[in-house]
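A.B. asks: Pasting the sequence and the predicted model now:
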Amino acid sequence: MHDDDLRIPGFAFEALRRFPDVEAENLRAFDATDRLLGERGLDASGIRGLTGREIAVIGDAYGAITLQLAAGGLTGMRVHQDLVTGRTALAANADALGLAGCSEPHGLDAGLLAGARLVLVQLPRGLAELEEIADAIARWSAPDVVLVAGGRVKHMTLAMNDVLRTRFADVSAGLAVQKSRLLTAAGPLPVPAAPPYPVCERHDDVDLTLCAHGGAFAGSRLDIGTRFLLSFLDRIPEGTAVDLGCGTGALAAAYALRHPGSEVIATDRSAAAVRSARATMDANGLAGRVVVEHDDAGADLAESSADVVLLNPPFHLGASVHQGAGLKLIAAAGRILRPGGELWCVANRHLDYRSAFQRGVGRTDVVARNPKFTVTRSVRR
């Protein structure tokens, strides 16, 4: 059976949508792992007599896991989704299926996990993110908690088992089903006094300290595209600036340090990125000067409110290579900028955003190229 054949009596996977996230023919709102985790959750809740409140769900992209549990009669599940678009999609899908109010959104914290006896996790791609998740579950959940984590076999490694073993005494792997597999962990081990994240790293060449939680892109390193754009900081005008898709906050922090009289806002749709950027601002003495917001492509920012937008757009959505996220951020820049305002962008050379810049923002010039990246300046018409 293929993913396209996924059907469970009483639950309509095909009705789930990704909206307001990017929707495209090759992008799905569910996969076989969602089905397996939902089924395991319903089975375990029946066997152990769990209430929905004793179940936490982590990494449920668009609600497929949580809503299966709700369709099975459970309510009050606590859910952590990294992307703000995922939270909105879960709520919209719950409304569409008549399951509104079945769950509560939470950060990756004690509020999510206190008293949890079953935690269902869509495995993240990165081991650092998995380490932070495993630590949080062992740190805050009930002593008899069982962690069930699933993923697509092609993305799973034995190192994931090793990470889980740093926080749980018993870790086992199930058989592959529809190219997905579940890992089960129990017996939480004693945890260090302090959580392992965020981690911070000093970068003397750009006079920045970057901090990162486990799910943040590039961790506490300075990615080479951002480094390239920072080399043109002296040419970027001073004013109200927005770092769209801020990641760990390198662009926002560097701009704020270079232009101490400016107002700077950093936004990202990832909760891990937002927590990381806030830690970065603290580490660079910018707490209170740079506002970091968790939103979708600056959706909460007013039209024509910025003089400068800084952008290093992603070239993928989850495991799929797709320009949709970058195009959405470019359109957002055009909305946020005042007439005459400037978008400064660094992007992989193989991505041709020129027409999108000119259509969504205005006249666009190439400032510089290196073997991997292109820096452009667009002026809002």
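C.D. replies: Great, that's in hand. Every value quoted in this text rests on a predicted model; they were computed, and no experiment measured them.
A.B. asks: contacts and neighbour counts: CA atoms only from here.
C.D. replies: Fine.
A.B. asks: And the contacts of stretch 230-238?
C.D. replies: Applying C-alpha atoms under 8 Å, 6 or more residues apart in numbering, the contact partners of stretch 230-238 are 251, 254-255, 258-259, 262, 307-308, 344.
A.B. asks: ok, now with 7 Å
C.D. replies: For stretch 230-238, contacts defined as C-alpha atoms under 7 Å, 6 or more residues apart in numbering pick out 259, 262.
A.B. asks: Show me what the mean pLDDT comes to for that stretch.
C.D. replies: Stretch 230-238 comes out with an average pLDDT of 97.
A.B. asks: cool, and stretch 145-156?
C.D. replies: Rounded mean pLDDT across stretch 145-156 is 97.
A.B. asks: How about that stretch, which residues are buried there?
C.D. replies: By neighbour count on 16 or more other C-alpha atoms under 10 Å, the buried set for stretch 145-156 is 145-152, 156.
A.B. asks: what's the straight distance from one end of that stretch to the other?
C.D. replies: Stretch 145-156 has an end-to-end distance of 23 Å (C-alpha to C-alpha, to the nearest Å).
A.B. asks: cool, and stretch 153-171?
C.D. replies: End residues of stretch 153-171 are separated by 17 Å (C-alpha to C-alpha).
A.B. asks: What lies in contact with that stretch?
C.D. replies: By C-alpha under 7 Å, 6+ apart, stretch 153-171 touches 125, 127, 131, 134-135, 138, 179-181, 184-189.
A.B. asks: so how far is that stretch off the chain centroid?
C.D. replies: In terms of C-alpha atoms, centre = their mean, to the nearest Å, the centre of stretch 153-171 is set 21 Å apart from its chain centre.
A.B. asks: Name all residues that make contact with the residue nearest in space to the middle of the chain.
C.D. replies: In the chain, the centroid-proximal residue (C-alpha atoms, centre = their mean) is Ser270; its distance is 3.4 Å. Counting by C-alpha under 7 Å, 6+ apart, Ser270 touches 82-84, 294.
A.B. asks: Pipe those residues into CSV and attach pLDDT and secondary structure per row.
C.D. replies: Shown next, in CSV, are these (pLDDT from 0 to 100; DSSP: H, G, I helix; E, B strand; the rest coil):
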residue, pLDDT, secondary structure
Asp82, 97, coil
Leu83, 95, strand
Val84, 96, helix
His294, 97, strand
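A.B. asks: tell me the two of the contacts of stretch 153-171 that are most distant?
C.D. replies: By the measure C-alpha to C-alpha, Lys179 and Leu189 form the most distant pair in the contacts of stretch 153-171, at 30.4 Å.
A.B. asks: helix/strand/coil for Gly261?
C.D. replies: coil (DSSP: H, G, I helix; E, B strand; the rest coil).
A.B. asks: hang on, the earlier thing: among the buried residues of stretch 145-156, which are in strands?
C.D. replies: 146-152 (DSSP state E).
A.B. asks: All set, thanks.
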